[in-house]
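Asker: how would this look folded up:
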Amino acid sequence: MKYWKTEKDQYGVTCSIDNLVFSYDLRITPSQAFDFWKTWFSTNIDGWNAEKSSRLDRTTSEWDPYNYAIWGAGIFVKIGNGDKKLRLLDRIRFEINPNKHFDEPVWTFLTEFIYAFCKDGYLERYDLACDFETIKENIVVRSRKAESVVKGTLYFGRRSRHGFLKIYDKKLESDLQDNLTRVEYTLVPDGAIPTDEIFVADFKLNPDESLGSNAQDVYRLLMVIQSLGGDFVGEYNRLGRKMRANLKPFIFGGTLTWTFPVIACERLLNAVCDGLDLVLNKTAVYPRLNRELKTIVFGGDDSEGDDDD
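Answerer: Residues are numbered from 1 along each chain as shown. Predicted coordinates for the structure are as follows:
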């Protein structure tokens, strides 16, 4: 698997940021920003066509105040007058999947453009991906959100809204050799922590995350016996009662009640903000919008608000 940044949660599950939406005030005019991106796309993408991959002087609204749009190479760029209702400066908005594009030329140009021509950026939305080394059928969700299934992918909630959840077979999607199921949340930085109940059957804990050194040594010895075709179950049964109890969930698995990875999420968001010169919400950029925030990384409440359908 290809990742930009990863963090392990308390169960050893790999977490990453799979999509980002973020915006900045511009130090240059919208037309100049558009021309910079148009020139880069034309120069670096074979067959890129401005007529098919951009929009100019489109009609704006309170919900979409951006006049220009241009896209290609995995990034979607909107440029315009920002939020006219709040009379903000000209802004630019990006949407990109860092896991897919962090090692590509478009990411390099993006970061160079940000530091040269942007200021006062904040994160608007992101997707948190958590990858379980198991089949999709082993994951069960209990949620108050509306549920749907499309081509094998499970959806809970409303697309692009805070708390939207999807679960899909990452092995099938990415043509991997080993089983991998992705649990992916769409989130906003000032949203409440999701409260969906997620159960993972036949889940084997990572011994490096939870076991003491002596138990880790016994675990590895049993795994060697198993790999050589020996009677590792018989050897396990010869262990003391306490050691067997400690090792059982690591060797034989069980049903895990998974909880949202708050610490892993916080660390990933810090990496995003450091790497892209962002803050987590617009109130830090525009103090007059200040209100009491309950952020996902600092707690929040237990409700999902309007997204609990």
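
Asker: residue contacts, the closest residue to residue 197 other than its chain neighbours?
Answerer: Leaving aside its chain neighbours, residue 197 sits nearest to residue 142 (4.1 Å; criterion: C-beta to C-beta, 6 or more residues apart in numbering). Heads up, the C-betas are built off the backbone N, CA and C, glycines and all. By C-beta atoms under 8 Å, 6 or more residues apart in numbering, residue 142 lies in contact with 196, 197, 198, 199.

Asker: Now name the helix or strand holding the residue positioned nearest the centre of the chain.
Answerer: Among the residues of the chain, the one closest to the centroid is residue 128, at 2.2 Å (C-alpha atoms, centre = their mean). Using DSSP states H and E, residue 128 maps to strand 118-132.

Asker: Now do that strand: which elements does it pack against?
Answerer: strand 14-26, strand 181-187, helix 262-276, strand 278-279 (3 or more C-beta pairs under 8 Å, 6 or more residues apart in numbering; DSSP states H and E).

Asker: May I see the buried residues of the longest one?
Answerer: Residues 262, 264, 265, 266, 267, 268, 269, 271, 272, 273, 276 are the ones in helix 262-276 that count as buried (16 or more other C-beta atoms under 10 Å).

Asker: What residues of the helix or strand hosting residue 173 count as buried?
Answerer: Per DSSP H and E, residue 173 falls inside helix 170-174. Buried positions in helix 170-174, judged by neighbour count with 16+ other C-beta under 10 Å: 170, 171.

Asker: got a list of contacts for that helix?
Answerer: 1, 131, 152, 176, 177, 178, 179, 180, 181, 182.

Asker: CA atoms only for that helix, dumped as PDB, please.
Answerer: C-alpha atoms of helix 170-174 as PDB (Å, rounded to 0.1, in the frame of the first residue of the first chain):
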ATOM      1  CA  LYS A 170      -9.300  -2.300  -0.500                       C
ATOM      2  CA  LYS A 171      -7.700  -5.600  -1.600                       C
ATOM      3  CA  LEU A 172     -10.100  -5.700  -4.600                       C
ATOM      4  CA  GLU A 173      -9.900  -2.000  -5.400                       C
ATOM      5  CA  SER A 174      -6.000  -1.900  -5.300                       C
END
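
Asker: Let me know the average pLDDT across that helix.
Answerer: The pLDDT scores in helix 170-174 average 94.

Asker: quick check: angle from the strand holding residue 128 to strand 181-187?
Answerer: For strand 118-132 against strand 181-187, the angle by axes from the mean of the first three to the mean of the last three C-alpha atoms, to 10 degrees is 150 degrees.

Asker: Next, the angle helix 262-276 makes with strand 118-132.
Answerer: 140 degrees.

Asker: Each with direction, which strands does the helix or strand following strand 118-132 pair with?
Answerer: If you walk from strand 118-132 toward the C-terminus, the next helix or strand you reach (DSSP H and E) is strand 139-142. Sheet neighbours of strand 139-142, with direction, are listed as strand 197-203 (antiparallel) (DSSP bridges).

Asker: and residue 96, what does it touch?
Answerer: By C-beta under 8 Å, 6+ apart, the contact list for residue 96 reads 19, 20, 74, 75, 76, 106, 107, 110.

Asker: who's in contact with stretch 217-225?
Answerer: The contact list for stretch 217-225 (C-beta under 8 Å, 6+ apart) reads 207, 211, 231, 232, 235, 236, 239, 243, 247, 250, 251.

Asker: which one among the residues you listed gets closest to residue 43?
Answerer: Using C-beta to C-beta, residue 207 comes nearest to residue 43 of these, at 50.4 Å.

Asker: Give me the number of neighbouring residues for residue 137.
Answerer: Other residues near residue 137 come to 10 when the count uses other C-beta atoms under 10 Å.

Asker: same check, this time on the one 3 residues further on
Answerer: Number of residues near residue 140 (other C-beta under 10 Å) recorded here: 13.
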